[in-house]
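J.: Give me a model of this one.
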Amino acid sequence: LGLWDVVFMAVATSAPITAMTGNLPVGVGFGVGLGAPATYIWATIILSVFAVGYVAMARYVTTTGAFYGFISRGIGRVPGLGTGYMVTFSYSVFEGAIVGIFSYFAHNTLSEQLGLEVPWLLCAFVCIAAIYLLSYFEINLAAKVLTVLLLTEIAILAVLAVAVLFQGGGPDGLMPEVLNPAGAFRANGIPVASIGLAMFIAFWSWTGFESTVMFGEESRDPKRIIPIATMIAVTGVGVFYIFVSWMTLAGNGAEESINLSTGPNPLNLFLNPTESFVGHWAVVTMEWLMITGSFACAMAFHNAASRYGYALGREGLLPRPLGRTHPQHHSPFVASFVQTLVVALWLFGFWYFDKDPYLDVFVLLAVLGTFSLLIVQTITMVAVYRYFMHHHPEESIW
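T.: Modelled structure (predicted):
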């Protein structure tokens, strides 16, 4: 993998179109209202600081089990093992969450555009089967698929945002007040603020950018490529999210943004301004790109979870067959199959208990996985500091 292969793999895990269309309505309707774009500002700052220490460690330690490897080197093998299990669980949960919203997008789009009433569970199983087939082959095939899907989803969101900007926004203008950082900590047009939920949703929108380090063993020049790719992923995604979320609220206006986010179809927060400012063709395109974008995201999380399972299996910390690679494609095909089976069982369980693929599968699993990952990231920062104190004291404190 080259530099841009790694960048696209990481950004695809963040899934801009899924992060925006799936997460922003939750942040607006049930988080901090019109202050939702401000939560992305805080997340950009905090994760950029995290990335500084993270990429500094990546210059010295190249391992597929990134968090596990870093914490083992900085604090010790036992804490590293615990967090290795925890982050494997997180990424596994994330694939289930994204397949949930994929099935929600697919069910709605097939119904509205083609008149087909396909059960969401069937959509979900088609998704995970296709992901497994692609992940079975060597990593650069998956990278090429992710690159194409990522560029198309970024393009449609950029078209919407730029159209709103150049047309001066909706009924309330461009609404620059939504970018006030203080807005992330109060109710802005909704009865009660849920600051914690809004922040979780913001951080969840970035989840996966740190996966750049996991591809170190499969990249051409990891000591150079991984640090650059990580910083591009975290800061580039941050600026894009802030801009798109701001323009989306501006396109709808203050009152309508909240009404749509709490309404029966929260996706209209994006579809309505796309119809008004760009045209119906863009709405049709966006609905299909929501499907392909969430598929790309789920595949990226699948690759991440599989590689953690592979790393732990290779060292005998999970059943050793998980540590096998395909003799021809060199992919962690056993760990990939187990991850596919686990996600299929979770989705079947949600369907059996008649749960909603968006509000239950997507939101609940996303919050669970994000909480776990934030704990791991915090421990990683302690490990990075200890590692440099003991092994490379010549590095700056920053």
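J.: elements contacting the lowest-mean-pLDDT helix or strand in the chain?
T.: One helix or strand of the chain scores below all others by mean pLDDT, DSSP states H and E: helix 3-14, with a mean of 76. For helix 3-14, the packing partners by 3 or more Cβ pairs under 8 Å, 6 or more residues apart in numbering; DSSP states H and E come out as helix 139-166, helix 222-252, helix 280-314. (C-beta placed from N, C-alpha, C; glycine too.)
J.: what about Leu322, which SS state?
T.: Of the three states, Leu322 takes helix under DSSP: H, G, I helix; E, B strand; the rest coil.
J.: Could you pull up phi and psi at Gly170?
T.: phi -90, psi -140 (degrees, to the nearest 10).
J.: which ones are touching it?
T.: Shown in contact with Gly170 (Cβ atoms under 8 Å, 6 or more residues apart in numbering): Val164, Ala250, Gly251, Asn252, Gly253, Glu256, Pro273, Ser276.
J.: And the helices and strands packed on helix 3-14: which comes nearest Ala184?
T.: Counting by Cβ to Cβ, Ala184 lies closest to helix 222-252 out of the helices and strands packed on helix 3-14; the figure is 11.7 Å.
J.: residues making contact with the helix or strand following that closest one?
T.: The helix or strand immediately downstream of helix 222-252 is helix 254-261, counting by DSSP states H and E. Here helix 254-261 makes contact (Cβ under 8 Å, 6+ apart) with 24-26, 28-30, 33-34, 170-172, 175, 189-190, 248-249, 252, 266, 268-269, 272.
J.: Which of the residues you listed are buried, as a PyMOL select command?
T.: Selection of buried members from the contacts of helix 254-261 for PyMOL, criterion 16 or more other Cβ atoms under 10 Å:
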select buried, resi 24+25+26+28+29+30+33+34+170+172+175+190+248+249+252+266+268+269+272
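J.: Now intersect the contacts of helix 254-261 with the helices, please.
T.: Among these, DSSP state H puts Leu24, Pro25, Val26, Thr248, Leu249, Asn252, Asn268, Leu269, Asn272 in helices.
J.: Cross-check the contact I'm expecting between the last one and Asn252.
T.: Yes - with contacts defined as Cβ atoms under 8 Å, Asn272 counts as touching Asn252 at a distance of 6.4 Å.
J.: on that earlier part again, just the closest of the contacts of Gly170 to Leu179, please.
T.: Set against Leu179, the nearest of those by Cβ to Cβ is Ala250 (10.4 Å).
J.: Distance check, the closest one against Ala161.
T.: Per Cβ to Cβ, to the nearest Å, Ala250 is found 9 Å from Ala161.
J.: Looking at the two, which one has more neighbours?
T.: Taking other Cβ atoms under 10 Å, Ala250 and Ala161 do not tie; Ala250 has more neighbours (26 against 22).
J.: how many other residues sit next to the closest residue to the more buried one other than its chain neighbours?
T.: Distances taken as Cβ to Cβ, 6 or more residues apart in numbering place Gly169 nearest to Ala250, at 3.9 Å, with adjacent residues excluded. Using other Cβ under 10 Å, Gly169 is surrounded by 21 other residues.
J.: Need the phi and psi values for Gly169.
T.: phi 80, psi -170.
J.: Then Gly189?
T.: The phi/psi pair for Gly189 (degrees, to the nearest 10) is phi 100, psi 0.
J.: just checking, what packs against the longest helix seen in the chain?
T.: Counting by DSSP H, the longest helix found in the chain is helix 77-114. Secondary-structure packing of helix 77-114 (3+ Cβ pairs under 8 Å, 6+ apart): helix 66-74, helix 120-136, helix 280-314, helix 333-352, helix 363-391.
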